[in-house]
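Undergrad: Need coordinates for the below:
(chains A and B)
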Amino acid sequence: MSSKSVLSVKNLSVSFSQYVKGLKQKIITPIGCLNIDLKAGEVHAVIGASGSGKSLLAHAVLGILPSNAICSGTMDYMGEPLTEKRIKQLRGKEIAFIPQSVNYLDPLMKVGKQIKIGLPKESASKTEAQLLQQYGLKQGDKERYPFELSGGMLRRILFATSVREGVKLVIADEPTPGIHPEALSAILNQLRAFADEGASVMLITHDIVSALSISDRVTVLREGEAIETVDVDCFHGKGEKLSHPYTKALWRSLPTNEFTLYQEVKLCH
Amino acid sequence: MEKIKFLGLKCIRGISLLIGLSILTFTMMHNSPIDPISAYIGSETSITLEQREALEEHWGLNDPPHVQYFTWLKNFIGGEMGNSKIQRRPVADIVAEKFTASFALMGISWVLSGSIGFCLGILAAVKKGKPTDRFIKWLSYIQASVPTFWLGLMLLIVFSVWLRWFPIGISVPIGVVSSQVTLWDRIHHMILPVATLSVLGIANVTLHTREKMIDVLNSEYVLFAKTRGETTWEILKNHGIRNVALPAITLHFAYFGELFGGSVLAEQVFSYPGLGSTLTEAGLKSDLPLLMGIVMISAIFVFAGNMIADILNAIINPRLKEGNTLD
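TA: Below is the predicted model of the structure:
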């Protein structure tokens, strides 16, 4: 992997101030000191248990953290700092976000109209037709409202609404839960295709098996820290090539491997 | 089929409401301490016992209450609302005349309070927590707590008495032939009552729109819209107004009842000759046919408002379109 870095996150930490018991304020830090580096043309899986900070990482990069969040560290996009102003210009153009739930579609707007948002007016209808075809949707589906479509179709609509031509970074936040195997492989192939066209894809998931099938590298998150970034080949055999005990445990716990219980492994910090 | 059933049920509900309301009004008037004959005659003149008995007989006051009620109901169903005792004119004519005056007053106030409230609510939600939001919220709480008649009096004192910008009351200038009353005269007389009545409704819509809009702005689809590069204005235009307008319009139609109640007070303060002030007069002079007529018409009016809200909801909301239940 010698291709250039698209996104480089260094020492990212995200904290929230919360009120506990009346007026006592408490700072919680779901992400502390996170480093990750995404290269052009790769699918980079980010795996970890629920609450390990996967989605927060995506939201931090996109600049959509809630207002009470405190964010520190540096983020570089294409070699230059990703400031708040810059991310606002890049979102929806070079940087695309594929959200995790179909609730991210406007319930009262026809899906066709949602696809057209942000497209240049003159060519919007043409591009819309192309996108529908590309994602295996019928042309008539554009006249429907989100509640009239199935989960698998809505997933594809989410792709069509977010990824635009010229995209350089795709951040997919759990794009696969709850869909049947056929749709799953279609979505994974689509993500792979984005990378093959030269974009960098951050695939956030807890579905390790699917992630491994298309990824080049894998970063394992645990309690807000990136404990290890390895090539996908390291997830092989008994996991001898994996260096961190947590990653090894994760690998061995899969049903297809040894199916060992996670708690048997003692973690040392 | 669902739609017919929906409308049928609504109509049955409406009719039973009217019957119940007419019985209630009749019972209350029947037991009112105000004697219709004394109220009709007034305190200055006196009549003999024979004259009084003749009048009682003529008005049917000697019949038992249920006979009186059913006579009224039979005539009402036949479209006959009877004659007003105090004005000695058909109730239908009076209601039609006063309703036009009140309708202009309430209609303008309704549109004004709706649009101003909606805009203020959106502005407050967008600026949530900032001074603009706090100011709008503060203003709304004040508006919601101020009684209509008091606000009317204050406006009268400031703008009519001190500044002399507006007339004290009535809908046309005093001492001018009705054919010479200009449109400007009517508007000029209407401004203060309309202002009073509008302010009453603004807070309601503002606070509701603000809450709904904050929910929408915190929704996942707005978060997604941000990641697609939509600006605040685009988010409002594409998703905000679409998702907030529906509940706001529904609420505002359902507000017809309060609007009517408010107009009774506002018209009283400004001596505006509309349905509201006529209703008060009918009540105080025990003019049963007139009172019943106005109560029925206003009930239909309020009921229609609620019904329009329900129907609009069904038409605009796509999720309720395809044969889904409406209730």
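
Undergrad: Tell me if the biggest helix by length in chain A is near chain B.
TA: In chain A, taking DSSP state H as the definition, the longest helix is helix A:181-196. No - interface with chain B: helix A:181-196 contributes nothing (C-beta under 8 Å from any C-beta of the partner chain), its closest point being 15.9 Å away. Yep, even glycine has a C-beta here, placed from its N, CA and C like the rest.

Undergrad: wait, A:Pro99 sits on A:Thr161?
TA: No - in this structure, A:Pro99 is not within contact of A:Thr161 by C-beta atoms under 8 Å, at 9.7 Å.

Undergrad: Quick one: name the residues of the stretch 101-250 of chain B near chain A.
TA: By C-beta under 8 Å from any C-beta, the residues of the stretch 101-250 of chain B that approach chain A are B:219-221, B:223-230, B:234, B:238-239, B:242-243, B:246.

Undergrad: circling back: so what does the longest helix of chain A touch, helix or strand wise?
TA: Under the contact criterion of 3 or more C-beta pairs under 8 Å, 6 or more residues apart in numbering or on different chains; DSSP states H and E, helix A:181-196 touches strand A:43-47, helix A:151-162, strand A:169-173, strand A:200-205, helix A:208-214.

Undergrad: Against which helices or strands is the last one packed?
TA: The elements that helix A:208-214 packs onto, with contact taken as 3+ C-beta pairs under 8 Å, 6+ apart, are strand A:43-47, helix A:181-196, strand A:200-205.

Undergrad: Please identify which of those is closest to A:Ala249.
TA: A:Ala249 lies closest to strand A:43-47 among the helices and strands packed on helix A:208-214, at 12.7 Å (C-beta to C-beta).

Undergrad: how about the helices and strands packed on helix A:208-214 in TSV, adding mean neighbour count and mean pLDDT?
TA: Listed next are the helices and strands packed on helix A:208-214 as TSV, based on neighbours: other C-beta atoms under 10 Å in any protein chain shown; pLDDT from 0 to 100:
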stretch	mean neighbour count	mean pLDDT
strand A:43-47	26	91
helix A:181-196	17	87
strand A:200-205	25	92
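
Undergrad: any chance of these in CSV, with distance to B:Thr209 too?
TA: Output for the helices and strands packed on helix A:208-214, formatted as CSV (distance: least, C-beta to C-beta, whole Å):
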stretch, distance to B:Thr209
strand A:43-47, 39
helix A:181-196, 38
strand A:200-205, 36
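
Undergrad: Which one, of the ones you listed, ends up nearest to A:Asn257?
TA: strand A:43-47 (14.9 Å).

Undergrad: For the closest residue to chain A within the stretch 151-300 of chain B, grab phi and psi.
TA: As assessed by C-beta to the nearest C-beta, chain A sits closest to B:Gly229 within the stretch 151-300 of chain B, at 2.6 Å. With angles defined as degrees, to the nearest 10, B:Gly229 sits at phi 90, psi 10.

Undergrad: Doesn't A:Ile28 belong to a strand?
TA: Yes - with DSSP: H, G, I helix; E, B strand; the rest coil as the criterion, A:Ile28 is part of a strand.

Undergrad: In contact with the residue nearest to it when sequence neighbours are not counted: list those residues for me.
TA: The shortest distance from A:Ile28 to any non-neighbouring residue, by C-beta to C-beta, 6 or more residues apart in numbering or on different chains, is to A:Phe16 (5.4 Å). For A:Phe16, the contacting residues are A:Ile27, A:Ile28, A:Thr29, A:Pro30, A:Pro66, A:Asn68, A:Ala69, A:Ile70, by C-beta atoms under 8 Å, 6 or more residues apart in numbering or on different chains.

Undergrad: Apply the buried test to those residues and list what passes.
TA: Buried subset of the contacts of A:Phe16 (neighbour count, 16 or more other C-beta atoms under 10 Å in any protein chain shown): A:Pro30, A:Ala69.

Undergrad: neighbours around the residue of the stretch 101-250 of chain A found nearest chain B, how many?
TA: Residue nearest to chain B within the stretch 101-250 of chain A (C-beta to the nearest C-beta): A:Tyr104, separated by 3.9 Å. By other C-beta atoms under 10 Å in any protein chain shown, the residues close to A:Tyr104 number 24.

Undergrad: shouldn't it be in contact with B:Arg228?
TA: No - in this structure, A:Tyr104 is not within contact of B:Arg228 by C-beta under 8 Å, at 9.9 Å.

Undergrad: can you tell which of the helices and strands packed on helix A:181-196 is closest to B:Ile47?
TA: Closest to B:Ile47 of these is helix A:151-162 (C-beta to C-beta; 80.6 Å).

Undergrad: so that closest one versus strand A:169-173, what angle?
TA: Orientation of helix A:151-162 against strand A:169-173 (axes from the mean of the first three to the mean of the last three C-alpha atoms, to 10 degrees) gives an angle of 150 degrees.

Undergrad: angle of helix A:151-162 against helix A:181-196?
TA: Put simply, helix A:151-162 runs at 20 degrees to helix A:181-196, going by the same axes, to 10 degrees.

Undergrad: So for residue 145, what pLDDT did the model give?
TA: Defaulting to chain A. pLDDT, A:Tyr145: 88.

Undergrad: other chain: chain B
TA: Per-residue confidence (pLDDT) for B:Ser145: 88.

Undergrad: lowest-pLDDT helix or strand in chain A?
TA: Ranked by mean pLDDT, DSSP states H and E, the helix or strand of chain A with the weakest confidence is helix A:245-252, at a mean of 82.

Undergrad: just how off-centre is that helix within its chain?
TA: Computed by C-alpha atoms, centre = their mean, to the nearest Å, the chain-centroid distance of helix A:245-252 equals 22 Å.

Undergrad: That helix - contacts with which helices or strands?
TA: By 3+ C-beta pairs under 8 Å, 6+ apart, helix A:245-252 packs against strand A:217-222, strand A:225-231.

Undergrad: would a markdown table of those with mean neighbour count be doable?
TA: Putting the helices and strands packed on helix A:245-252 into a markdown table (neighbours: other C-beta atoms under 10 Å in any protein chain shown) gives the following:
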| stretch | mean neighbour count |
| --- | --- |
| strand A:217-222 | 22 |
| strand A:225-231 | 17 |
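
Undergrad: Show me the shaky parts of the stretch 151-269 of chain A.
TA: For the stretch 151-269 of chain A, residues meeting the criterion pLDDT under 70 lie at A:259-269.

Undergrad: Around chain B, pick out the residues from it.
TA: Residues of the stretch 151-269 of chain A lying close to chain B (C-beta under 8 Å from any C-beta) are A:Thr161, A:Ser162.

Undergrad: where do the helices sit along the stretch 101-250 of chain B?
TA: B:131-145, B:148-155, B:183-217, B:220-227, B:232-235, B:241-254 (DSSP state H, counting those that start in this stretch).

Undergrad: Now do the buried residues in the first one.
TA: Neighbour counts using 16+ other C-beta under 10 Å place B:Asp133, B:Ile136, B:Lys137, B:Leu139, B:Ser140, B:Gln143 of helix B:131-145 among the buried residues.

Undergrad: Could I get the contacting residues of the fourth one?
TA: B:Leu139 sits next to B:Leu120, B:Ala203 when contact means C-beta under 8 Å, 6+ apart.

Undergrad: change it to 10 Å
TA: By C-beta atoms under 10 Å, 6 or more residues apart in numbering or on different chains, the contact list for B:Leu139 reads B:Leu120, B:Ala124, B:Val199, B:Ile202, B:Ala203, B:Thr206.

Undergrad: neighbour-wise, which of those leads?
TA: Neighbour tally across the contacts of B:Leu139 (other C-beta under 10 Å): the maximum, 28 neighbours, falls on B:Thr206.

Undergrad: okay, it: pLDDT?
TA: Looking at B:Thr206, its pLDDT is 93.

Undergrad: Please tell me I have it right and it contacts B:Ile136.
TA: Yes - using C-beta atoms under 10 Å, B:Thr206 is in contact with B:Ile136, at 6.5 Å.

Undergrad: Give the residues shared as contacts by those two.
TA: Each of B:Leu120, B:Gly121, B:Leu123, B:Ala124, B:Ala125 lies in contact with both B:Thr206 and B:Ile136 under the rule C-beta under 10 Å, 6+ apart.

Undergrad: Lovely, talk soon.
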